[in-house]
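A.B. asks: Quick one, what's the 3D model for this:
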Amino acid sequence: MATDVNDLRSGFRGRPDPGRGRNRPLFIDPARYGNGVPASVFVSYSRSDRAYVERLAAHLAADGVPVWYDADLSAGDRFGTVIQTQIEECAAVVAVRTPAAVASVWADRELSYADARRKPLLPLLLRPCEQHVLLAGLHHEDVTGDRMPSPSFTTRLRALVAAETFGGVLDRVQVSVARLVAEGLADAEIAHRLGLSERTIVFHRTRVFAKLGIANRRELLHLLAGRDGRSGNHAGEHDQESGDPDSKGEQ
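C.D. replies: Next comes the predicted model:
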């Protein structure tokens, strides 16, 4: 049975202040929809860049992206074990790149482990430095001058977090399809990316929309942004696609 958006929302908990209105970020209750652990973004960095990372974490959290970095370690925690667990459970790894990060043994280990776990790697270029071999060929968001990342970067993180957390509602292929739809890819592009037929992608996209109680791509983006896609100026609108019938110690 399709999950109604309002029912889905009842399984979310707001953070930060829910008084932010229609831009209020929403987080799925893992007891209802996830695997028991809320999806978050893991930040890999060098300890010398800690001041920037603290600002980054606050910025992302304010935009609805839950963040974990080693400030959340508790007394007595085993550093390596906690880092490993957080990477395993995260939706993506944001790598803050500086010369200090290049020289950091722990930052190198984090990227290697994240890559082995097939986690999305999103580098932020804070200071000009050599590229890590695992980040070569990836777009580096330019945040030199201690800038915060662009809105499009944050939007992508929200999509990755939501897709990971929706794992309790969607199956593995549907999570992948939802993530790529949220990134703006057309059905043919998604089919090529996943090695499936376009007809199969249409089927899974249609199932994603039905399970989340939405009708089109616009409503998916609104849901990820913390808005009910069926409200406001878009009430009653449907995209043509909705009618598809078969569808760190030393850092």
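
A.B. asks: mind listing what the helix or strand containing residue 95 pairs with, with the direction of each?
C.D. replies: Taking DSSP states H and E as the definition, residue 95 sits inside strand 92-97. Strand 92-97 has the following sheet partners, assigned by DSSP bridges: strand 41-44 (parallel), strand 121-125 (parallel).

A.B. asks: any idea which of these is most buried?
C.D. replies: Among these, ranked by average contacts under mean count of other C-beta atoms under 10 Å, first place goes to strand 41-44 (a mean of 26). C-beta coordinates here come from the backbone N, C-alpha and C atoms, glycine included.

A.B. asks: The residue nearest to residue 120 when sequence neighbours are not counted: neighbour count?
C.D. replies: Spatial nearest neighbour of residue 120, excluding adjacent residues (C-beta to C-beta, 6 or more residues apart in numbering): residue 92 at 4.2 Å. By other C-beta atoms under 10 Å, the residues close to residue 92 number 23.

A.B. asks: how about the helices in the protein?
C.D. replies: Secondary structure of the chain (DSSP state H): helices at 5-10, 30-33, 50-62, 79-89, 99-103, 105-116, 151-165, 172-182, 187-194, 198-212, 217-224.

A.B. asks: Out of those, flag the one nearest residue 128.
C.D. replies: For residue 128, the closest of these is helix 99-103, at 8.0 Å, according to C-beta to C-beta.

A.B. asks: Pass me the low-pLDDT residue ranges in this protein, would you?
C.D. replies: Counting by pLDDT under 70, the ranges of the chain that qualify are 1-38, 72-78, 167-168, 223-251.

A.B. asks: So it: which segments form each domain?
C.D. replies: By the record's domain assignment, the chain is partitioned as 7-11+169-243, 35-154 (automatic domain parsing).

A.B. asks: Dump those into TSV; add distance to residue 161 as well.
C.D. replies: Shown next, in TSV, are the domains of the chain (distance: least, C-beta to C-beta, whole Å):
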stretch	distance to residue 161
domain 7-11+169-243	8
domain 35-154	4
